[in-house]
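[1] when you get a sec, could you give me coordinates for this:
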Amino acid sequence: MTMQISSPVTGGAQTALTSPTYTLVADTPPNAQSVQKAVTALGGTQSGVDTASSASRPFTITVSRPPVLKQLPPVDPVTGVLRSVPTNTYKVIVRKGVTPLAGQSSRVLNATLQIDVPAGADLADAPNVRAALSLMIGAINQISSGIGDTAVSGVM
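    Next comes the predicted model:
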């Protein structure tokens, strides 16, 4: 898999996190189509961030691809049009143990980025697939702090 994440990862800008970094080690992925890393150390100033990954408070990132890549079906012999276009779904999932209320047991926060690529677009239109992902990643990086603020305050 070419989506290998190198350690440490420099985190995106967030309110109350100054130059956050995350040291990663290989973890056991959920399946053969995934790569998973666990956070073993935190760097920078991360006020209130209390733990790296543990059994009761996981802090992991998983990148996965479809178990079987879908292909385009043949075009309709009469109309010359595709009857359907399947999609290949790629995911990036971050899991982090969080406390819902002081003194209570941890719960797991799940943050999932899902990318649905129409089968065939990887060959017929690779530059536009890359452009869509470039915009998404750049925008998320640009608004990282705002996403965090909204997730905490509920205000956009």
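[2] show me the contacts for the residue most central in space within the chain.
    Nearest residue to the geometric centre of the chain (Cα atoms, centre = their mean): Val92, 2.5 Å. By Cβ atoms under 8 Å, 6 or more residues apart in numbering, the contact list for Val92 reads 61-63, 112-113. Where you see a C-beta, it was placed from the backbone N, CA and C, and this is true even at glycine.
[3] neighbours around Leu17, how many?
    20 (other Cβ atoms under 10 Å).
[4] and the worst-scoring helix or strand of the chain on mean pLDDT, how far out from the chain's middle?
    Of all the helices and strands that make up the chain, helix 126-142 has the lowest average by mean pLDDT, DSSP states H and E, namely a mean of 88. Centroid separation between helix 126-142 and its chain, computed with Cα atoms, centre = their mean, to the nearest Å, is 14 Å.
[5] before we move on, what about stretch 77-89?
    29 Å.
[6] can you check stretch 141-154 too?
    Here stretch 141-154 shows a centroid-to-chain-centroid distance of 16 Å under the convention Cα atoms, centre = their mean.
[7] restricting to C-alpha, output the least confident helix or strand of the chain in CSV.
    Presented in CSV, the C-alpha positions along helix 126-142 are these (Å, rounded to 0.1, in the frame of the first residue of the first chain):
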residue,chain,number,x,y,z
ALA,A,126,-6.7,10.2,-13.0
PRO,A,127,-5.7,14.0,-13.0
ASN,A,128,-9.2,15.0,-11.9
VAL,A,129,-9.4,12.3,-9.2
ARG,A,130,-6.1,13.7,-7.9
ALA,A,131,-7.4,17.3,-8.2
ALA,A,132,-10.5,16.5,-6.1
LEU,A,133,-8.3,14.9,-3.4
SER,A,134,-5.8,17.7,-3.5
LEU,A,135,-8.6,20.3,-2.9
MET,A,136,-10.1,18.2,-0.1
ILE,A,137,-6.8,17.7,1.7
GLY,A,138,-5.7,21.3,1.3
ALA,A,139,-9.0,22.6,2.5
ILE,A,140,-9.1,20.3,5.5
ASN,A,141,-5.6,21.4,6.4
GLN,A,142,-6.5,25.1,6.0
